[in-house]
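*Asks:* Need a 3D model of the sequence below.
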Amino acid sequence: MNFGKQFKEGLITQNPVLVQLLGMCSTMAITTSFFNGLGMGVSVLIILTLSNIFIALLRKIIPNEVRIACFIVVIAGFVTCVDLLLKAFVPALSNSLGVFIPLIVVNCIILGRAEGFASKNGIGASAVDGICQGVGYTLVLIVMCVVRELLGSGKFGGGLLGGGGLGSAPGIVIFPEEFGIKLLTLPVGGFLTLGALIAAMQWALAKSEKKKEAK
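*Replies:* All right, here's what the predicted structure looks like:
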């Protein structure tokens with residue numbers, strides 16, 4: 001198990017959003033505040049890691065013909081647990097994310113790692129893969145939230161910072177809201193921000209590849 005390689009893949013070379021282009025629907029839909037992005041990212045990280053561990057544990061006894069159905073049942077079980085925990089302990093986040101928590105069941109990142117990695121590797125490697133891919137996904141969400149929230153409404157940390165209860169905190173005001181780029185707070189802003197991040201990642205990877213070839 002090469003932890004450094006797996007960590008680099010999760011964050012950079014095989015980032016689930018910017019390179020593999022998975023989980024893009026939720027990425028664009030919920031990244032309007034730091035609170036939403038962090039909550040969604042941590043939820044996916046927990047579900048992905050636990051699903052990977054459980055599927056790796058059962059990989060030798062799951063019939064190949066029904067493996068996808070079995071993977072979905074495992075993932076759905078953990079999604080249900082996380083959904084109920086959020087409703088019980090962080091209702092503001094549960095209300096804010098809405099249907100996107102239950103939809104993690106069909107998130108291509110989790111199903112893809114279950115099929116592509118956990119079903120072929122041991123428990124330790126699968127757990128590390130889930131953590132690394134989850135961290136990579138979470139960081140992309142946080143970056144998108146910061147860009148859209150800061151440039152769109154002139155504040156940072158909405159839902160978490162600036163006083164008030166969890167989920168209702170106004171955030172720290174950086175500049176007056178009327179000077180913000182309102183377009184970024186709209187759905188189209190998610191497309192533009194994600195497109196810019198994907199382009200930046202592809203440019204960085206291409207540049208790194210050229211350097212390796214030059215050597």
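*Asks:* Residue nearest the middle of the chain, spatially speaking?
*Replies:* The centroid of the chain falls nearest to residue 137 when counting by C-alpha atoms, centre = their mean (3.3 Å).
*Asks:* mind listing what the nearest residue to it once chain neighbours are set aside touches?
*Replies:* Spatially, and ignoring its direct neighbours in sequence, residue 137 is nearest to residue 16 (5.1 Å; C-beta to C-beta, 6 or more residues apart in numbering). C-beta coordinates here come from the backbone N, C-alpha and C atoms, glycine included. For residue 16, the contact set (C-beta atoms under 8 Å, 6 or more residues apart in numbering) comprises 10, 22, 23, 109, 112, 133, 136, 137, 140.
*Asks:* Quick one: distance of the helix or strand encompassing the fourth one to the chain centre.
*Replies:* Per DSSP states H and E: residue 109 is located in helix 108-113. For helix 108-113, the distance from its own C-alpha centre to the chain's C-alpha centre is 11 Å (C-alpha atoms, centre = their mean, to the nearest Å).
*Asks:* now do stretch 125-145
*Replies:* Taking C-alpha atoms, centre = their mean, one finds the center of stretch 125-145 at 6 Å from the center of the full chain.
*Asks:* One more: stretch 106-125?
*Replies:* From the chain centre to the centre of stretch 106-125 is a distance of 15 Å (C-alpha atoms, centre = their mean).
*Asks:* quick one, phi psi at residue 173?
*Replies:* The phi/psi pair for residue 173 (degrees, to the nearest 10) reads phi -80, psi 120.
*Asks:* What sits closest to it if chain neighbours are left out?
*Replies:* Of all residues not flanking residue 173 in the chain, residue 155 sits nearest, at 5.0 Å (C-beta to C-beta, 6+ apart).
*Asks:* just checking, what packs against the longest helix seen in the chain?
*Replies:* The single longest helix within the chain, with elements called by DSSP state H, is helix 123-153. Other elements packing on helix 123-153 under the criterion 3 or more C-beta pairs under 8 Å, 6 or more residues apart in numbering; DSSP states H and E are helix 3-8, helix 24-29, helix 34-58, helix 108-113, strand 155-156, helix 187-214.
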